[in-house]
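In: Provided below for reference: sequence and predicted model.
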Amino acid sequence: MPVPTGEHREERVVPMRLQRFLARAGVASRRGSENLMTAGRVCVNGVVTTELGSKVDPSRDVVTVDGREVRMFERPAYLMLNKPSGYLTTMSDPYHRPCVATLVPTNRYPGLFPVGRLDRDTTGLLLFTTNGNAAQALLHPSRHVTKHYVALVEGVPSARELAKLESGVVLDDGPAQPARAILLTPSDELYGRVAPRRAPNGTSVVGISVQEGRKHQVKRMLAAVGHKVVRLHRDSFGPLELSRCREGAWRELDANEIAAIERIVANG
C-alpha cells in the first residue's frame, strides 16, 4: 500500500500533558496549572479533569478553565494596562466589584492574566500576558526585577528616613530589601503622576524602587518610616515604562519591549 503523500496526510498535534498545554496556552506556570487542575477548575470536552497525568490533543480537544476556552498561541500575547483606581487586580470577583478583566480584551486573547497585582486604589502600569513562564520569571525574587512607584505621602520624609528605606526597613513579615527612594519636586516629570500641580499642604511626593512583591509593600515601607501613603502610582515594571497609554486604556507591547521581557525569561 502506498504511503500517503504529505498533502493527503492528516496533520495532528502530538497529545501532551494537560498542565503543559495550559502553560503553553499562557494560563499559568506548570505548577500553577497543576493547582488549577486539582482545584477542579479545568475541563476537557466538558468533563472536569483533576488527574495530573491526563493528556490532551490540542487540535481536537476543547479545554476550558473556569468555563472559558483556552487555546495555544504561536506567540504569547503581552499587553500594558494603565490601571485606574477602583479596580481589583483579578479576572473575576464573587462580589461583582470592578475588575481589571473588564479593561482588557480577554475575548481576543483567551488565557490573558495580570502579572502580579496592584492594590485597588493604586494606579499605573499593569502587565498582562498569556505566557505563564514569563510571568513566573518576572515575579520570581531571584530575578530582582525592579518596580518603580510614585507616592503621595503625608508629611515630608527626611534624608534620614529615606536612608532607612535604602538600607532596608523591618516590616511585620520580616526585613524588606533595600529600596531606592528620593523626594520629588514639581520640576520632576513623575511628580505629576500623583500631584498634578503641587502636593497638597502637609504632603510630599516620593519616588521609590523595589525588587520585592509583598502585599502592600510600598505602603508598608513608607508607613514604617512615618509617612502614610495617600496615593500610589506605578510607572515602570522591569524594562517596561508606562507610555502611550492613557488611564484606563491598554496597548500591545512593541517588539523591543517583548524582546526585553524575553531576555529576562531566557536568562533564568
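Out: Yep, that arrived. Numbering: from 1, shown residues only.

In: going forward, measure contacts and count neighbours with C-alpha atoms only.
Out: Noted.

In: Any idea how many residues pack against the residue lying closest to Arg198 once chain neighbours are set aside?
Out: In space, and not counting its chain neighbours, Arg198 is closest to Pro186: 6.3 Å by Cα to Cα, 6 or more residues apart in numbering. Other residues lying near Pro186 total 15 when counted by other Cα atoms under 10 Å.

In: Who are the contact partners of Pro186?
Out: Contacts for Pro186 were tallied using Cα atoms under 8 Å, 6 or more residues apart in numbering; they are 192, 197-198.

In: now it: how far from Ser236?
Out: 19 Å (Cα to Cα, to the nearest Å).

In: returning to what we had before: what secondary structure does the residue nearest to Arg198 sit in?
Out: Put simply, Pro186 is coil when judged by DSSP: H, G, I helix; E, B strand; the rest coil.

In: circling back: just send the contacts of Pro186 back as JSON lines, with neighbour count too.
Out: Shown next, in JSON lines, are these (neighbours: other Cα atoms under 10 Å):
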{"residue": "Gly192", "neighbour count": "17"}
{"residue": "Arg197", "neighbour count": "10"}
{"residue": "Arg198", "neighbour count": "15"}
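
In: just those: which has the poorest pLDDT?
Out: Confidence by pLDDT is poorest for Arg197 among the contacts of Pro186, given 88.

In: Excluding residues flanking it in the chain, which one is nearest it?
Out: Of all residues not flanking Arg197 in the chain, Pro186 sits nearest, at 7.2 Å (Cα to Cα, 6+ apart).

In: So Arg263 belongs to a helix, correct?
Out: Yes. Secondary structure of Arg263 (three-state DSSP): part of a helix.

In: how many neighbours does it have?
Out: By other Cα under 10 Å, neighbour count at Arg263 equals 12.

In: thinking again about what came up before, quick one, grab the pLDDT at the residue nearest to Arg198.
Out: On the pLDDT scale, Pro186 gets 95.

In: any idea how far Gly132 is from it?
Out: Distance of Pro186 to Gly132, given as Cα to Cα: 39 Å.

In: got it, and Gly155?
Out: Applying Cα to Cα to Gly155 and Gly132 gives a distance of 41 Å.

In: Looking at these two, which is more packed in?
Out: Neighbour tally, Gly155 and Gly132, criterion other Cα under 10 Å: the higher count belongs to Gly132, 25 against 15.

In: Let me know whether that one touches Val27 as I believe.
Out: Yes. Assessed by Cα atoms under 8 Å, Gly132 is found in contact with Val27 at 6.0 Å.

In: just the contacts of Pro186 now: which is nearest Pro58?
Out: Among those, Gly192 lies closest to Pro58 (Cα to Cα), at 48.2 Å.

In: who touches the closest one in this structure?
Out: With the criterion set at Cα under 8 Å, 6+ apart, Gly192 makes contact with 186, 198.

In: Quick check: phi and psi at it.
Out: phi -70, psi -10 (degrees, to the nearest 10).

In: Repeat that for Arg231.
Out: phi -150, psi 140.

In: count of neighbours near it?
Out: Look at Arg231: counted by other Cα under 10 Å, it has 19 neighbours.

In: what's the answer for Val47, then?
Out: Counted with other Cα under 10 Å, Val47 comes out at 12.

In: just Ala255 next, same as before
Out: 8.

In: can you give me the helices for the stretch 1-150 of the chain?
Out: Taking DSSP state H, counting those that start in this stretch to define them, one finds helices in the stretch 1-150 of the chain at 18-24, 30-38, 132-139.

In: how far off helix 132-139 does the longest one point, in degrees?
Out: Helix 30-38 and helix 132-139 are oriented at 120 degrees to each other (axes from the mean of the first three to the mean of the last three Cα atoms, to 10 degrees).

In: who touches helix 30-38?
Out: Contact partners of helix 30-38, identified using Cα under 8 Å, 6+ apart, comprise 19-20, 22-23, 27, 42, 49-52, 65, 132.

In: Much appreciated, bye for now.
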